[in-house]
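# sequence? don't have it. structure:
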């Protein structure tokens, strides 16, 4: 349903042109949950923005395509794109405090979303908003509607953001690290809620995160991103239990839960390269224990992995 | 909300008291009070009599008490030059200054906010860069010199507008206002423009800085991600967040414009409070100077109060915090 | 590859703005004129013996490039000397205000408590009033003269410096290394002068450029109104005032050129100050 093919999004910086998304291809079908995993600087957030056409100068989508039911979204004029945003594809951001406008009431922010895509009366729009708040589990929604973002706790604010995202029953929801800024206990709740809501409405969900454990219980399929490229993808089962890329292996190993009691925590040596100064060939080359001369050339995506020496 | 206003009014009174004490004390401590309030042309005997009549032989605190009592009933001393209560003279001239200030603020805000928003939203366009460079020039211009240039160009060389003076005025609600007629506007235009130029630059720069800061924030992106039309994102989401700090500055600038009118009124011979105060300083008409100071201080405090109230009305975070 | 120190990075960033470089160039010229005025002026405008009334009110051109004023003074020379005075007063008051205001602000942040509250209250109240009003009152009370003008200018400016210094010092005070320093038993003076003050310096410098420009403009305004420097030390403001009466009869050069000189000076300072401010403000730095 949503097809991304060889997407390249670049930014003009003082250090040269940086490709935050460097040839990414993904598909997601109706009702599927796809986890996009990567560290900060891997380009995963920019991927989300690119799908919605929210990349602002000095960034731009340089090449590639993003197709929703066959319709090309990349390069679509803003005025047409805005009818897709919030209606057919919706997005939830990381920090709900800064996502909701602090000086406007929740009612204003929800009603305007409804009215932006449907010509119904304000009264009906308010009813829809109350319904949506109920759906995400916010008590006394009529009272809450009149309040302002800072009167909500972090978890509740995120619920509001999710409610807003689901107002028009979009076909795709992009969630960019929605639980990272929340307490651990609340994280679990939100995760559960989102999964439930998405399954019930039949929407597809792209969950962007750096946390593998989140993806484990939630996603059907997983794509691992590194330095702007997908280095491995497959079903959750495949990627998490039989990883083929050394980076994925490294990520899994470094999760504390996967380590034995008192053993020293395993880390991937080195640091994520700056996107402005990528090493030649495979971006993971300098940190990989399997690297050799072959790795000076960029590996292609074969058999769900992008590596010259995939693990078996 | 009412509690908030009452509390601020109480604070205001406190500041007024302190300021009046400072002004009173300052004037009386630094100079000879008799010289200050008595006609300098009087001879020794007259001075002694006047001093006694004015109560200047009493202890300072008592004098202050009398002064406060006088203030409350509107008596701030008598002007030497005009022979009338100083307060009366000042209040007479106040509408002229206020209408100039109002016109100037209108010009600077009306042009400044749109220009600043444009420069902030499209910072890389040539027009924006030109606007910014022009704004630096704008607040580098010495106001009084610009006033002279304006007179030179528009009045002397081109002859389009009158060079000095105030136009015909009419009485509205008991205040004399001249800017409601075209003829009156002709006279007011140049001095108001003069006052406005400096503020215009400031407002452009401030608006632009605010827009640049706010436009990067997540809530703007989220608003767009919801599919809101651009006009709403900028006109409602962005604008409301910008207006809050802007309102504070504009309010304070109004006070500054009233003060700066001193210079502009002198150049354009505009019969307002400013010109009056300069003339009074040179003519040693100290009661008028003292009265002017107190009136202006009072106005500033009132402006500050209104700005604070506006701020809490606009920013819900402050409003609710105050209510708790 | 050459090592890049923060300073060299700062300098190269500054150089990348053509506007700022232009401002710096202008400023250097202005300062140069001010310093070398006695040597480069074609005429000493204050040597009454050399003046010739017959030469008065001449239009620009010929022997007198910018014309002459009502007393026969060469405008160019008068402007050079006037620049000198204006700059001197502006910079002197700025430096004094920076030192006093800066120290007070840093002290307030360090000592805290009632002292800090009281000082900041005073600062807030003073900043609520326009500079010109404060200056006017002070002059009316103190009288005229170079030293009184400088005092008035200092009184007008110190509050900005104090507030800026205090904010900067507060940020530093909250940082962890301050606790470490205190834990080590470093003396108060050492902490104040060695740590708090140096960190407050960059924002103070930024405020300083703007303030010096304001001070120069304010002095010019006061002089224009007749409340500023005495005739014996004419600043640009006074020159402009002298030319006012000739304006309506078309002899514009007496007022206009000193104004241009004033404008260029203030403009140059603002250009440089603007760039400095942008560079010191991390929030606006593009990622």
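The structure has been received and is ready for your questions. Bear in mind the structure is a predicted one, so any value in this text is a computation, not a measurement.
# Going by C-alpha atoms from here, please, whenever you check contacts or count neighbours.
Noted.
# Now find how far off-centre whichever strand or helix holds residue B:260 is within its chain.
Per DSSP states H and E, residue B:260 falls inside helix B:239-268. Put simply, helix B:239-268 sits 6 Å off its chain's centre (Cα atoms, centre = their mean, to the nearest Å).
# Quick one: distance of the helix or strand that it is followed by to the chain centre.
Counting by DSSP H and E, the element after helix B:239-268 in chain order, helix or strand, is helix B:273-282. Computed by Cα atoms, centre = their mean, the chain-centroid distance of helix B:273-282 equals 16 Å.
# do helix B:273-282 and chain C meet?
Yes: residues of helix B:273-282 contacting chain C under Cα under 8 Å from any Cα of the partner chain: B:278, B:281.
# where does residue B:196 fall, phi/psi-wise?
Main-chain dihedrals, residue B:196, degrees, to the nearest 10: phi -70, psi -30.
# Can you give me the neighbour number for it?
26 (other Cα atoms under 10 Å in any protein chain shown).
# Who are the contact partners of it?
B:104, B:105, B:107, B:108 (Cα atoms under 8 Å, 6 or more residues apart in numbering or on different chains).
# give the contact list for whichever residue of the stretch 51-200 of chain A sits closest to chain C.
In the stretch 51-200 of chain A, the residue that lies nearest chain C is residue A:58 (9.7 Å; Cα to the nearest Cα). The contact partners of residue A:58, taken as Cα under 8 Å, 6+ apart, are A:11, A:12, A:13.
# that older thread, now the contacts of residue B:196 as CSV including pLDDT?
Listed next are the contacts of residue B:196 as CSV, based on pLDDT from 0 to 100:
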residue, pLDDT
B:104, 92
B:105, 91
B:107, 92
B:108, 91
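# of all those, which two lie farthest apart?
B:104 and B:108 (6.2 Å; Cα to Cα).
# And those two? Which one has more around it.
Per other Cα under 10 Å, whichever of residue B:104 and residue B:108 has more neighbours is residue B:104, with 28 against 24.
# Can you pull the phi/psi pair for the more buried one?
Dihedral angles for residue B:104 - degrees, to the nearest 10 - are phi -60, psi -40.
# What residues does chain C have near chain B?
C:128-130, C:132-133, C:140-141, C:213, C:217, C:221, C:224-225, C:240, C:244, C:247-248, C:250, C:252, C:255-256, C:259, C:262-263, C:266-267, C:270-271, C:283-284.
# Is it possible to mark the buried ones in those?
C:128-130, C:132-133, C:140, C:213, C:217, C:221, C:224-225, C:240, C:244, C:247-248, C:252, C:255-256, C:259, C:262-263, C:266-267, C:270-271 (16 or more other Cα atoms under 10 Å in any protein chain shown).
# now, which of these lie within helices?
C:132-133, C:140, C:213, C:217, C:221, C:224-225, C:240, C:244, C:247, C:255-256, C:259, C:262-263, C:266-267, C:270-271 (DSSP state H).
# And the residue of the stretch 101-250 of chain C that's closest to chain A?
For the stretch 101-250 of chain C, Cα to the nearest Cα, closest residue to chain A: residue C:171, 23.4 Å.
# Out of the helices and strands in chain B, which is least certain?
helix B:33-37 (a mean of 55; mean pLDDT, DSSP states H and E).
# Kindly report the same for chain A.
helix A:96-99 (a mean of 80).
# does any bit of stretch A:92-107 sit next to chain B?
Yes: using Cα under 8 Å from any Cα, we find that stretch A:92-107 touches chain B at A:92, A:93, A:98, A:99, A:100, A:101, A:102, A:103, A:104.
# and stretch C:235-248, which residues are buried?
C:235-244, C:246-248.
# in what helix or strand does residue C:39 lie?
Judged by DSSP H and E, residue C:39 forms part of helix C:18-40.
# Could I get the full set of strands for the chain?
All of this is about chain A. A:2-13, A:16-28, A:33-37, A:59-68, A:71-72, A:89-92, A:172-176, A:204-209, A:221-226, A:229-235 (DSSP state E).
# please go with chain B instead
B:170-172, B:175-177.
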